[in-house]
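In: Requesting a structural model of the entry that follows:
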Amino acid sequence: MLSVILTEIEEKISRLPRKKQRWLIDQLERKFKEDSNKSAVDEQAHFASQLPLMANDPEVQAELKKIEQEFAITEGDGLEGDNGNSSRGNLLHQSQPCERKRASRP
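Out: Prediction:
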């Protein structure tokens, strides 16, 4: 049934002058974009409203603790955030920039 209706709409549109067809397409495109933007905003709002619930969920908290434990051994590996406590971090902070020597041209 829907395909019959769509076919009728298509036939009616094809009878319109090109300028009116273009106008209709532009209107449909604008409406589609507005609906898409509204939908995206609604999804973001829904996700934002779910964050506090997830943060207070005991299962989520337990999973986050497991992840923290798994990555605890990497805290002192010299990556950012170690406050320069690792030897690698100290070396990086102490190094001086290299200067390139250019060959003199005759």
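In: From A45, how far off is L51?
Out: For L51, the distance to A45 equals 11 Å [CB to CB, to the nearest Å]. Yep, even glycine has a C-beta here, placed from its N, CA and C like the rest.
In: for T74, same thing?
Out: Using CB to CB, T74 is found at 35 Å from A45.
In: again, but for T7
Out: T7 sits 38 Å away from A45, going by CB to CB.
In: now swap in D35 and tell me
Out: Distance from D35 to A45, by CB to CB: 16 Å.
In: Which neighbouring elements make contact with the one helix or strand F32 maps to?
Out: Using DSSP states H and E, F32 sits within helix 18-55. In this structure, helix 18-55 packs against helix 2-15, with contacts taken as 3 or more CB pairs under 8 Å, 6 or more residues apart in numbering; DSSP states H and E.
In: So what touches the helix it packs on?
Out: Q21, L24 (CB atoms under 8 Å, 6 or more residues apart in numbering).
In: Tell me the buried residues in that helix?
Out: For helix 2-15, burial by neighbour count (16 or more other CB atoms under 10 Å) applies to no residue.
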